[in-house]
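Peer 1: A structural model of the following input is requested.
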Amino acid sequence: MGHPIIIADNVGVKFVRSRRRNTKLRDFFVQGGKRRLKVDEFWALRNLSFTIHAGEAVGVIGRNGTGKSTLLKIVAGVLIPDEGRVHTYGRVAPLLELSAGFSNDLTGRENVQLVGALHGMSREELKEKLPKIIEFAGDQVAAAIDTPVRHYSSGMRVRLGFAVIAQLPHPILLVDEVLAVGDKEFRNKCYKTIEKMLSEGRTLFLVSHSEGDLKRFCKRGLYINAGHMEVDGPIMDALDAYNGLVRT
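Peer 2: Numbers count the residues shown, from 1 in each chain. From the prediction side, this is the model:
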């Protein structure tokens, strides 16, 4: 087992739901027309602690809304936890959403240059890798590479986003539910790329509802239920716990 590369120490994230209350006519005059907000705080994640070692492939499992994507955003540095800390020892290559983090107003080419630069690629590297990125993304994206991304389908965005991530040398790869998008040919291309990255000793943190993908890549699973860690162990143990919950 490699050295620790992601350490989560008692992580908690709190969100706030604000709901407008109905205002009576009397309250309208008393409050100057301002409606009162009913604040509802909840913990999306609480008391999460784990260590992931270099070269591990770990699947994050749970129902929708249970905190899986929130956890990946914390590891990526997009969110800051309200409690505890996450330490990463190496740069992170994240593909966290169907929009791939692209700006709608920029073209595909401009987004590749922007995202690549944000991940530390020099102009020379971008110039060298751009043809490979476009080729990986496929003919449909290549034909629209100078079109604003707002006109792309979610599948086209993911294709281009994964193509960028595939060219990064970062040791930590975060993937959130994007492998389900696209046709079989593109998914197979993604699978081969992930397998190559893992063979190089990189670390994979994968959120997926596909048991096939989880079993294919991950030996370890984190099952999160209502923001709390229920299982941290072999992937089949985590899947069994999840499926048991779904059946009830």
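
Peer 1: which residue ranges form the strands in this structure?
Peer 2: Counting by DSSP state E, one finds strands in the chain at the ranges 4-20, 37-53, 57-61, 83-88, 92-95, 172-176, 203-207, 220-225, 228-234.

Peer 1: got these as TSV, with mean pLDDT, distance to residue 123 and mean neighbour count columns?
Peer 2: For every residue, glycine as well, the C-beta is placed using N, CA and C. Formatted as TSV, those follow (pLDDT from 0 to 100; distance: least, Cβ to Cβ, whole Å; neighbours: other Cβ atoms under 10 Å):
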stretch	mean pLDDT	distance to residue 123	mean neighbour count
strand 4-20	86	29	15
strand 37-53	86	33	15
strand 57-61	96	33	24
strand 83-88	96	26	16
strand 92-95	88	19	22
strand 172-176	92	24	22
strand 203-207	94	28	24
strand 220-225	96	39	22
strand 228-234	96	42	16
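
Peer 1: was I right about residue 224 contacting residue 71?
Peer 2: Yes. Assessed by Cβ atoms under 8 Å, residue 224 is found in contact with residue 71 at 7.1 Å.

Peer 1: what sits in contact with each of these two?
Peer 2: Counting by Cβ atoms under 8 Å, 6 or more residues apart in numbering, the contacts common to residue 224 and residue 71 are 45, 48, 60.

Peer 1: Show me the residue at the heart of this structure, geometrically.
Peer 2: The centre of the chain sits closest to residue 96, judged by Cα atoms, centre = their mean, with a distance of 2.7 Å.

Peer 1: Neighbours of residue 109, how many?
Peer 2: 17 (other Cβ atoms under 10 Å).

Peer 1: Enumerate every residue touching it.
Peer 2: Residue 109 neighbours (Cβ under 8 Å, 6+ apart): 130, 145-146.

Peer 1: ok, back up a step: okay if I get the strands of the chain as TSV plus distance to residue 190?
Peer 2: Below are the strands of the chain laid out as TSV (distance: least, Cβ to Cβ, whole Å):
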stretch	distance to residue 190
strand 4-20	22
strand 37-53	21
strand 57-61	14
strand 83-88	23
strand 92-95	10
strand 172-176	9
strand 203-207	11
strand 220-225	20
strand 228-234	24
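
Peer 1: returning to what we had before: quick one: which of the shared contacts of residue 224 and residue 71 is nearest residue 244?
Peer 2: Nearest to residue 244 among the shared contacts of residue 224 and residue 71: residue 60, at 17.4 Å, using Cβ to Cβ.

Peer 1: What is the burial count for residue 132?
Peer 2: Neighbours around residue 132, by other Cβ under 10 Å: 12.

Peer 1: hang on, it packs against residue 167?
Peer 2: Yes. Using Cβ under 8 Å, residue 132 is in contact with residue 167, at 6.3 Å.

Peer 1: Please determine how far the residue nearest to the centre of the chain is located from residue 102.
Peer 2: Between residue 96 and residue 102 the distance is 12 Å, computed by Cβ to Cβ, to the nearest Å.

Peer 1: got it, and residue 125?
Peer 2: 19 Å.

Peer 1: what does residue 109 give?
Peer 2: From residue 109 to residue 102 the distance is 11 Å (Cβ to Cβ).

Peer 1: low-scoring stretches of the chain, by residue?
Peer 2: 1, 18-39, 97-100, 180-182, 245-248 (pLDDT under 70).

Peer 1: picking up where we left off before, so who does the residue nearest to the centre of the chain touch?
Peer 2: 69, 72-73, 76, 78, 174, 176.

Peer 1: picking up where we left off before, residue 125 and residue 102: who's more crowded?
Peer 2: residue 102 (23 against 15).

Peer 1: so the more buried one touches residue 110, yeah?
Peer 2: No. Look at residue 102 against residue 110 with Cβ under 8 Å: they stay out of range, at 9.3 Å.
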